[in-house]
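Novice: Could you work out the structure for the sequence below:
(chains A and B)
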Amino acid sequence: DIQMTQSPPSLSASLGDKVTITCQASQNINKYIAWYQQKPGKAPRLLIRYTSTLESGTPSRFSGSGSGRDYSFSISNVESEDIASYYCLQYVNLRTFGGGTKLELK
Amino acid sequence: QIQLVQSGPELKKPGESVKISCKASGYTFTDYAMHWVKQAPGKGLKWMGWINTYTGKPTYADDFKGRFVFSLEASASTANLQISNLKNEDTATYFCARTKLGADFDYWGQGVMVTVSS
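Specialist: The predicted model follows:
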């Protein structure tokens, strides 16, 4: 099974900051990674699919990149509505989530 | 519009069983697989497995083999998750989510909170 190591587990940022979250897969996942945002009490929301394709409605301050085993997700100019938890998901073989990153305001 | 609507919260005792449902609307049910995801209180997302809505074949993640059963009521565009012999560690929110085969989850149900307590 493919493991996804996501870091950091938590992140503190000021409004307007740029933040980056990384996910490392235990094997090459050929860019089949998606990123989700989850707010308390809500279902996850798809932000980015296939490494870097923004889902309809995702603001352009969100971005993704990577290849092989290593991937990153960034938010430039953090806004208050971005305070949430974020998860990566590999979908090249079955499905595996990363452990999650909780983004808080500094 | 596309919706996945799940059944209501459940309170069960250890050893009991629970069946939760996920009713799809706004698309052709058999065109998308249905997956199940567990989220324990304060924890991350854990993929449980999926069911092919065309063939009815389920696939379970290793940690969810044995007490967990995915099923369909295809005529009602509904997927079900049954958990038997409930344990305290089954206390969690359970989400359904759809995918095209080999793709990411694009729509999710609202989640069902299952509480197991004596």
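Novice: Taking the chain centroid, which residue in chain B is the extreme one?
Specialist: B:S118 (23.4 Å; CA atoms, centre = their mean).
Novice: ok, the spatially closest residue to A:T58 that is not a sequence neighbour - contacts?
Specialist: Nearest non-adjacent residue to A:T58, counting by CB to CB, 6 or more residues apart in numbering or on different chains: A:L47, 4.8 Å away. Bear in mind the C-beta positions are built from the backbone N, C-alpha and C, glycine included. Contact partners of A:L47, counting by CB atoms under 8 Å, 6 or more residues apart in numbering or on different chains, are A:34-37, A:54-55, A:58, A:62, A:73.
Novice: Adding pLDDT, write those out as TSV.
Specialist: Putting those into TSV (pLDDT from 0 to 100) gives the following:
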residue	pLDDT
A:A34	98
A:W35	98
A:Y36	98
A:Q37	98
A:L54	97
A:E55	95
A:T58	97
A:F62	98
A:F73	98
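Novice: Which of those fall in strands?
Specialist: A:34-37, A:54, A:62, A:73 (DSSP state E).
Novice: Could you list which residues are in contact with the nearest residue to A:K31 once chain neighbours are set aside?
Specialist: Nearest residue to A:K31 in three dimensions, chain neighbours excluded: A:T51, at 4.2 Å (CB to CB, 6+ apart). By CB under 8 Å, 6+ apart, the contact set of A:T51 is A:31-33, A:64-67, A:71.
Novice: follow-up on the earlier one: right, and the residue farthest from the centre of chain B touches B:K13 too?
Specialist: Yes. B:S118 is within contact range of B:K13, at 5.6 Å (criterion: CB atoms under 8 Å).
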